[in-house]
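1. sequence first, predicted coordinates after that:
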Amino acid sequence: MAKVFFPDHLMSYCKREREVEVQASTYRELVRKLGARYPGIEEVLLEDVAVAIDGEICHEPYMEKIATDSEVYFLHRLAAG
Amino acid sequence: MSDTHDYKQIGTRPIRPDGVDKITGRANYGADYSLPGMLHGVVLRSPYAHANIKRIDLGKALALEGVYAAVSGADFPDVAAGGMGGEGGGDFKDLASNIMARDKALYHGHAVAAVAATSRELAIEALDLIEVDYEVLTPVMNLDAAMAENAPLLNDKIYTMGVNPKPEQPSNVAARMEFKRGDIDAGFADAEVIVEGEFRTPTVHQGYIEPHACLATMNQGGQATLWCSTQGHFEVRTAVSKTLDMDVCDIKVIATEIGGGFGGKTVIYQEPVAILMSKISGRPVKMVMDREEVFRASGPASATLSKIKLGAKKDGTLTAMSCWMAYEAGAFPGSSMAPGAMCIFAPYKTDNFLIEGFDVVVNKPKVAAYRAPGAPQSMYACESLMDELAYKLEMDPIDLRLKNAVEKGDQAAYGPKFNEVGLRECLIAAKEHPNYSRELTETQGRGISVGFWFNAGMQSSAEVHINENGTVMVIEGNPDIGGSRASMALMAAETLGVPYEKVRVLVGDTETAGFTNVTGGSRTTFATGMAVIQASQDIISQAKQRAAKTWEIDEDQVDWQDGHAVPMPGVNADWEPLSLAKIAAKSGRTGGPLLGRASLNARGAGPGFSVNIAEVDVDPETGKTEVVGFTAIQDAGKAIHPAYVEGQLQGGAVQGIGWALNEEYVYDDKGVMQNPGFLDYRIPVASDLPKIDTVIIEVPNKAHPYGVRGVGETPIVAPLAAVANAVRSAIGIRVGELPLSPPRLLAAMDE
């Protein structure tokens, strides 16, 4: 199962759990499952965060694949100069 | 991967395709465009840093002959609150209020009205006829004042986000964020050495040479065309759409050549005003800021305060790192505090850290992105204190950093584990560089610093067209700021196997190029380059199909080698290789023109690390610092065009040196900037600087076909602390506030 890590700014959504395991093959499925576990988090994870999957930051991860041993970190969205 | 490639074009240093027009003055920048019947628009700006706007009367200005339009906030549509994305973005409602104040002027220079007339002089004359009644309020000009108890409020609807439960009272603190890992108290308890410091950075400007400029025209059908100097015309289109409540398909944006942006041209100021006044007048409207307006009204980088503490073992191993940091956002929420917080400890392995960050509104222009937004300020604090730690441990500062440097598999303080990164390679290159060991005089000092930036991916599109003689036209959507046409041409040439000189690159407008995100985030060579490579691969696939048809063999029996279709080994055919030119010449017979396309949302941007070595000479009589040597070392992944990578390293160094030694907004007690020009806001010029030596490290980014990492932003991160540490070395005193100007250093030395 993929390991999912929540940063501090999502603590109010995820019952203050920092690390959870989720069985999912895509980011979309992962978010759906997290949404069922933590009501209200789904929209935030689809619209307001960037994601690092296995060390690679992705700004629009909707269709990204998740492997069984993937590590998923949520980050603040970043613009840049 | 790039480390196994035998490159023919990549890594060479050809002349940039846009170079001739730029050096001969033919290139057209934002202010160079004109249309028949064009009006000139100018802006009336608030004379107060903080004031309620009680009444605006445009009547007398409109009555002046030659004035065709005058607008104030009431003429713009109401804009719904909504995120623009990114740390420098904020909210579209705030953007609209920044473009034209509604009921409150939030900084000296805030736009409150605008006029379009037949000449700029007449328009300026008309501004004097606009009547505005203000209720003047106390300005809030710095972090201390803004965060003080009972501080005057800029906006009584701001309740600090990120605090649970929601605060009962509004404040100037728009947001609080916290990043942490491990047990910070245990980490400091485990430390054998602890250092603490407080560091301030001033409000500074990007200092792009070309001021904001645009030309807008709207036809009677409500369709607008806009020429403007911008880093991202697709984002301009979105912002205009939101602020004027227009459909994006009614807005065509043409990015002109751009004379510098550095993040400051990722936002808009005059563009909706020009379009609205064109709509009202039925004529084209041109608006060009002067330098004073650029300083008073366009977004600078945040002033910051950081209180930082590091704990380590005697061998230099870090045990705990903490930082309290506050960033000025300017008049509206949305500073670069979050990326600053995410970068500050990124270079180091750390089990225990705590970062608490605050986004604070003040009566200054809304901040905008400035190369690696947020990182120079926070890493100046961290790298200065790392230097103090090295002194305390009596350890070489590079060895201290090597002791703690992250590498593949280490978890970044901002979350994920690093893939291949080149920090250690940069540190080793610095240690071995002759500039690190050459002898210094008594008044000279040397300092080093690490720099870091994430780099971005995001969305890009590209088309590759093959002309009838086999020459290549690349169409992409990123304004060329740092030589990206040359980089795109090199990647297309390398992929297709054609000479660089046979490739041309067009930066298409919003109607000719596919959607492409901003030229920023150090993303263009990485992400748009990837789109160009994929579009070129699409061409190769089509060219192989055409060769197969020509030879009457199966497509999978055709290979592509050095710009030619060739039969695969073992194919029983005696065909001469077909060049791209030969295939293109007969393309009408084999299916029509060759047109390759790609669009993507790039992931896998490779983080960029750098190390800078600064050498300074501080005059003990005057406090003036002369930079006598500077060495910029950075991991580029793969340098597509090394000269432009070196240019990025040198340009970032110059801007960072200015930030460290000279640049700051100076305000009077009424909140009026006293130095809004390049005579008094002093950016470094060539005579201030030594030759800046560069070293390009190449640890390939495996997510890019040629190993590219972004290089545009990281170069500005390390110079602040490198210079500050060199000054510390020269005078023996740590001055924790930038700029390290002669009066400040003299005062410190006198103490």
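-> That came through, no problem.
2. with adjacent residues omitted, what lies nearest to residue 7?
-> Unless you meant another one, I'm taking chain A. A:Phe74 (5.8 Å; C-beta to C-beta, 6 or more residues apart in numbering or on different chains). The C-beta positions use only the backbone N, C-alpha and C, and glycine is treated the same way.
3. could you do chain B instead?
-> Leaving out its chain neighbours, the residue that sits closest to B:Tyr7 by C-beta to C-beta, 6+ apart is B:Glu494, at 6.4 Å.
4. residue contacts, that neighbour?
-> B:7-10, B:706 (C-beta atoms under 8 Å, 6 or more residues apart in numbering or on different chains).
5. drop anything exposed from those.
-> If you count burial by 16 or more other C-beta atoms under 10 Å in any protein chain shown, the buried members of these come out as B:9-10, B:706.
6. just checking: what are the partner strands of the strand or helix carrying the residue nearest to A:Pro7?
-> Using DSSP states H and E, A:Phe74 sits in strand A:71-76. Note on strand A:71-76: by DSSP bridges, its sheet partners are strand A:2-5 (parallel), strand A:49-53 (antiparallel).
7. contact partners of that strand?
-> Taking contacts as C-beta under 8 Å, 6+ apart, the residues outside strand A:71-76 that touch it are A:2-7, A:9-10, A:27, A:30, A:45, A:49-55, A:57, A:66, B:87, B:177, B:338-339, B:342, B:414-417.
8. pLDDT of the helix of greatest length in chain B, averaged?
-> Scanning chain B for the helix with the most residues, using DSSP state H, yields helix B:529-551. Taken as a whole, helix B:529-551 has a mean pLDDT of 97.
9. from the contacts of B:Glu494, which is closest to chain A?
-> Ranked by distance to chain A (C-beta to the nearest C-beta), these are led by B:Tyr706 at 16.8 Å.
10. hmm, the helix or strand bottoming out on mean pLDDT in chain A touching chain B?
-> Across the helices and strands of chain A, mean pLDDT, DSSP states H and E gives its lowest value to strand A:56-58, namely a mean of 84. Yes: Strand A:56-58 is in contact with chain B by C-beta under 8 Å from any C-beta of the partner chain, via A:56-58.
11. mind listing what B:Glu356 touches?
-> Per C-beta under 8 Å, 6+ apart, neighbours of B:Glu356: B:176-178, B:323-325.
12. among the contacts of strand A:71-76, which ones are buried?
-> A:2, A:4-7, A:9-10, A:27, A:30, A:45, A:49-55, A:57, A:66, B:87, B:177, B:338-339, B:342, B:414-416.
13. what's the nearest residue to B:Ala70 if we skip its chain neighbours?
-> B:Leu58 (4.1 Å).
14. what about the one you found, how many neighbours?
-> Applying other C-beta atoms under 10 Å in any protein chain shown, we find 23 residues neighbouring B:Leu58.
15. then B:Ala585?
-> 15.
16. I'd say it and B:Gly470 touch.
-> Yes: taking contacts as C-beta atoms under 8 Å, B:Ala585 lies within contact range of B:Gly470: 7.3 Å.
17. so for the one helix or strand B:Ser599 maps to, mean pLDDT?
-> Per DSSP H and E, B:Ser599 falls inside strand B:595-602. On average, the pLDDT along strand B:595-602 is 96.
18. contact partners for the residue in the stretch 501-650 of chain B that chain A sits nearest to?
-> Among all residues of the stretch 501-650 of chain B, B:Gly521 sits closest to chain A, at 3.3 Å; criterion: C-beta to the nearest C-beta. Neighbouring residues of B:Gly521 by C-beta under 8 Å, 6+ apart: A:78-81, B:455-456, B:458, B:605, B:710, B:713.
19. thinking again about what came up before, what residues are bridge-paired with the residue nearest to A:Pro7?
-> A:Val51.
20. could you report the neighbour count for it?
-> 23.
21. cool, B:Asp554 as well?
-> Neighbours of B:Asp554 using other C-beta under 10 Å come to 10.
22. and for B:Lys670?
-> 15.
23. and it, how far from B:Pro139?
-> According to C-beta to C-beta, to the nearest Å, B:Lys670 and B:Pro139 sit 7 Å apart.
24. need the overlap of contacts for those two.
-> Residues touching both B:Lys670 and B:Pro139 (C-beta under 8 Å, 6+ apart): B:48-49, B:108.
25. hang on, the earlier thing: residues touching the residue nearest to B:Ala70, list them.
-> B:70-72, B:113, B:130.
26. got a winner among those residues for most neighbours?
-> B:Ala70 (30 neighbours).
27. quick one: that residue and B:Leu64 touch, right?
-> No: using C-beta under 8 Å as the test, B:Ala70 is too far from B:Leu64 to be in contact (9.2 Å).
28. common neighbours of these two, please.
-> In contact with both B:Ala70 and B:Leu64: B:Ala126, using C-beta under 8 Å, 6+ apart.
29. helix or strand for the closest residue to B:Gly232 other than its chain neighbours, just tell me which one.
-> Closest residue to B:Gly232 apart from its sequence neighbours, by C-beta to C-beta, 6+ apart: B:Val518 at 3.0 Å. Assigned by DSSP H and E, B:Val518 falls within no helix or strand.
30. with just CA atoms, put stretch B:207-214 into CSV.
-> Output of stretch B:207-214 as CSV, limited to C-alpha atoms (Å, rounded to 0.1, in the frame of the first residue of the first chain):
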residue,chain,number,x,y,z
GLY,B,207,15.0,45.8,-10.9
TYR,B,208,14.0,44.7,-14.4
ILE,B,209,15.2,47.4,-16.9
GLU,B,210,12.0,47.5,-19.0
PRO,B,211,9.0,49.1,-17.1
HIS,B,212,5.5,47.5,-17.4
ALA,B,213,4.0,48.4,-20.7
CYS,B,214,1.0,47.4,-22.8
